[in-house]
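>>> Pasting the sequence and the predicted model now:
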Protein chains: 2
Amino acid sequence: MVQIPNQPAPPSPAQRSVPTSADVARLAGVSRATVSYVLNNTSAVRISEPTRRRVHEAAKELGYVPHAAARSLRAGHSRMVLMPAPHVAANPLYSGFIYEIQWALSRLDYTVVQYGSIGLHGDEAARAWAELRPVAVIVPGAGLGPKGVAVLKRSGARAVVTMGPEPVEGAHGMCLDHGEVGRSAAAHLLARGCRRIGVVVPEERGLSVYSRPRLTGVQQAAQGTGATVTELPLAYEEEAAAALAARWRSLGLDAVFAYNDEYAMLLMRALQDEGIDIPEETAVIGADDLVLGRLLRPRLSTVHLELPAGRDLAELVDRAVREPGGVPETHQMLRSRVVHRESS
Amino acid sequence: MVQIPNQPAPPSPAQRSVPTSADVARLAGVSRATVSYVLNNTSAVRISEPTRRRVHEAAKELGYVPHAAARSLRAGHSRMVLMPAPHVAANPLYSGFIYEIQWALSRLDYTVVQYGSIGLHGDEAARAWAELRPVAVIVPGAGLGPKGVAVLKRSGARAVVTMGPEPVEGAHGMCLDHGEVGRSAAAHLLARGCRRIGVVVPEERGLSVYSRPRLTGVQQAAQGTGATVTELPLAYEEEAAAALAARWRSLGLDAVFAYNDEYAMLLMRALQDEGIDIPEETAVIGADDLVLGRLLRPRLSTVHLELPAGRDLAELVDRAVREPGGVPETHQMLRSRVVHRESS
């Protein structure tokens, strides 16, 4: 339990008008404990319907809102599931995924809160998150270590779920091995007869947690095949893509895995503007299977990612909240398959 | 001040191990008040450097993390700025905007928390947000009314900023008049000689707060010019766009404002697949000025939106937190200009 210090500072002028449960109790003519029982739907104590109604009416009239933290102190835990907000502007696949998680958890009566952790890293971020006393924490990407997991658990989080390349000690692991995306793309290009494969590595910060394993996956797939793998740093800007396209023929590549569909669209346009035929001269494959890939000409081949379903993740969280002592589960979650269209 | 009830429930087994400030005090050999002073950096009380160090070391050893809510009770307010998480998967312009706000507020030592409000609407949502006791709330879109603003303020929020079409009583208003986007697009199309204008209205839920004012803006601009305006409902799916394109010629339109760049890309592809020449037969204009518009052929004309700078918004929030009694400010924030490329 968290201790409220004995000497609180006097309320500031802006606060004096904030209604308290004591005000509600006075207006309803009941004890503060009764207000607490009614507004928190405590089933252990019997309270008559008229009294309940009086408390609710008084709370409404005063505009009293219970304090989530105080309520969580009483309940033993909150219903808040914390996720760090992404450090980069989210792409459509990821923002759809976040939306799905929110939806699935809200069905189980949890509230998802995305915490803006700009400037905070690793275990330091974990300490900041812990201050909100979430009942569960879902952390996409790498970065949170065993220490951070321990901080969260000691502060009362019953479930910590990481969604990185590898499980983290003490946490449930929804393992997303992005190497698999690279291996799928490369296997496809190799099967199409390509032997000099370029791999786009975005220069935007915060993406390397995905782009490095994808590159490694391509390298793994190419091993022993005689194919070469060339790293292609690229910023998401028209000018950067034009510059890369201008020196394309000197690179001698017959295929490119363009990181994702958005970078593929950017690069494909620049290559086409240089008169490079796709897929004849260079095959192109993206990843994420966004709608836009089907709108390109030639239609974009892509790696379709199956992220964990929001419902599966929500159920894992709920299970862990109910049985916080359970052994951490590890699931390999990312499956991928190539959608072959016209660009490869 | 929020009241902690006198009869808290016994801590659950999972909680017994959560270290408290009392544990820190015991280990450091100081009073709980001293722990509180040290960990909250209270400057009003002098505490020797060795004592400070002992407290910090004890807190570290035990893995004690202060409770944000308890801390905010002491400080009089939290540093949490709450924003509702979007109800739809965010588009690139919006997610970039959210990122900028987070960054600007973190520079002023605030933390942005995006609250997943799925299933909550209007003033009901305001009550849920109020439970977290944010010091400020920023609400994009319409939906929050004067009652919701009052609930938030009574619960201690010093600043409520709405970013909708019109100011809301009691709140600061960063007014985003999306009618302006429609008027700009229509004025451009009319100046190009178009007289039969289609306006795409996305069928996806949650977008009508933007799409309806944009349509109205086009209608306003067309008034008295003899031009007709035709509403075109469209889902963000290839099949829906193909169906619309198949009956395009029967609609007799010479121009279309496609809601935004993403819908414009979808519709333009479908029209081109039908052999409709852009801009000869139909001029197309989008909105948002995304990179992808420059990658299309013909290059997409668009309405460039200037959203409020994250820094301006952060400064408004900070000003309001410091002087919560001030008169609510209203700013007209959305400016737009047409970027004329090849599609119109």
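Now that the structure is in, tell me what you want to look at.

>>> Find the centremost residue of chain A, please.
Closest residue to the average C-alpha location of chain A: A:P140 at 4.5 Å, with Cα atoms, centre = their mean.

>>> Need phi/psi at it.
With angles defined as degrees, to the nearest 10, A:P140 sits at phi -70, psi 150.

>>> burial of the nearest residue to it once chain neighbours are set aside, as a residue count?
Spatial nearest neighbour of A:P140, chain neighbours left out: A:M163 (4.6 Å); criterion: Cβ to Cβ, 6 or more residues apart in numbering or on different chains. (C-beta placed from N, C-alpha, C; glycine too.) One way to gauge burial is a neighbour count; for A:M163, by other Cβ atoms under 10 Å in any protein chain shown, it gives 23.

>>> Looking at the closest residue to A:L290 other than its chain neighbours now. What's its pLDDT?
Leaving out its chain neighbours, the residue that sits closest to A:L290 by Cβ to Cβ, 6+ apart is A:D261, at 4.5 Å. At A:D261 the predicted local distance difference test score is 96.

>>> any idea how chain A splits into domains?
According to the domain assignment given by automatic domain parsing, chain A is divided into the following structural domains: A:20-66, A:80-176+A:308-332, A:179-306.

>>> Comparing the ones you listed by mean pLDDT, which bottoms out?
Of all the domains of chain A, domain A:20-66 has the smallest average pLDDT, which comes to a mean of 81.

>>> do that one and chain B meet at all?
Yes: using Cβ under 8 Å from any Cβ of the partner chain as the criterion, contacts between domain A:20-66 and chain B involve A:20-22, A:32-33, A:36, A:63-66.

>>> mind checking how far the spatially closest residue to A:A242 that is not a sequence neighbour is from B:E342?
With Cβ to Cβ, 6+ apart as the measure, A:A270 is the residue that lies nearest to A:A242, at 5.0 Å, once sequence neighbours are left out. When Cβ to Cβ, to the nearest Å is the yardstick, A:A270 and B:E342 sit 17 Å from each other.

>>> quick one, which of those two is more surrounded?
A:A270 (22 against 13).

>>> Make sure the more buried one is actually in contact with A:E237.
No: with contacts defined as Cβ atoms under 8 Å, A:A270 does not count as touching A:E237, sitting 10.4 Å away.

>>> Helices of chain A, start to end?
Remark: helices of chain A, listed N- to C-terminal, are A:21-28, A:32-39, A:49-62, A:68-75, A:92-107, A:122-130, A:146-154, A:179-191, A:208-222, A:238-246, A:248-251, A:261-273, A:291-295, A:310-322; assignment by DSSP state H.

>>> Compare these and report which one is nearest to B:W129.
Among these, the nearest to B:W129 by Cβ to Cβ is helix A:68-75 (9.7 Å).

>>> show me the contacts for the residue nearest to the centre of chain A.
Taking Cβ atoms under 8 Å, 6 or more residues apart in numbering or on different chains as the definition of contact, the neighbours of A:P140 are A:83-84, A:86, A:163-164, A:176.

>>> Okay, buried residues for stretch A:250-260 please.
The neighbour-count check on stretch A:250-260 (16 or more other Cβ atoms under 10 Å in any protein chain shown) flags A:253-260 as buried.

>>> Kindly present the residues you listed as TSV, with separate columns for distance to chain B.
Compiled in TSV, those are given as follows (distance: Cβ to the nearest Cβ, whole Å):
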residue	distance to chain B
A:L253	21
A:D254	23
A:A255	21
A:V256	16
A:F257	19
A:A258	13
A:Y259	15
A:N260	13
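
>>> Could you list which of these belong to strands?
A:255-257 (DSSP state E).

>>> Next one: the nearest residue to A:R319 once chain neighbours are set aside relative to A:V137, how far apart?
Across the structure, with Cβ to Cβ, 6+ apart as the measure, the residue nearest A:R319 apart from its sequence neighbours is A:G326 (7.4 Å). Counting by Cβ to Cβ, the gap from A:G326 to A:V137 is 16 Å.

>>> Compare neighbour counts for those two and give me the winner.
Neighbours around A:G326 and A:V137, counted as other Cβ under 10 Å, are more numerous at A:V137. The numbers are 29 against 12.

>>> interface residues of the stretch 151-300 of chain A facing chain B?
A:151, A:154-156, A:158, A:236-238, A:262, A:265-266, A:269, A:291-292, A:294-295.

>>> do that again at 10 Å, thanks
For the stretch 151-300 of chain A, the contact set with chain B under Cβ under 10 Å from any Cβ of the partner chain comprises A:151-158, A:236-238, A:241, A:262, A:265-270, A:272-273, A:291-292, A:294-297.

>>> Mind giving me the PyMOL command for buried ones among those?
To isolate in PyMOL the members of those that are buried, counting by 16+ other Cβ under 10 Å, one can use:
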select buried, chain A and resi 151+152+153+154+155+156+157+158+241+262+265+266+267+268+269+270+272+292+294+295+296
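
>>> Look up how far chain B lies from the closest residue in space to A:H121 that isn't next to it in sequence.
Leaving out its chain neighbours, the residue that sits closest to A:H121 by Cβ to Cβ, 6+ apart is A:G143, at 6.7 Å. In this structure, A:G143 and chain B are 17 Å apart, going by Cβ to the nearest Cβ, to the nearest Å.

>>> residue contacts, A:G143?
Neighbour list for A:G143: A:84, A:87, A:117, A:120-123, A:125-126, A:162, A:164, A:168, A:209 [criterion: Cβ atoms under 10 Å, 6 or more residues apart in numbering or on different chains].

>>> about what we covered before: how much space is there between the residue nearest to the centre of chain A and chain B?
Using Cβ to the nearest Cβ, A:P140 is found at 14 Å from chain B.

>>> same deal with A:L190?
Counting by Cβ to the nearest Cβ - A:L190 and chain B are separated by 28 Å.

>>> I'd like to know how many residues surround that residue.
Residues within reach of A:L190, counting by other Cβ under 10 Å, total 18.

>>> same thing with the one 3 residues further on?
By the measure other Cβ under 10 Å, the count of residues near A:G193 is 9.

>>> Show the backbone phi and psi for it.
phi 90, psi 10.
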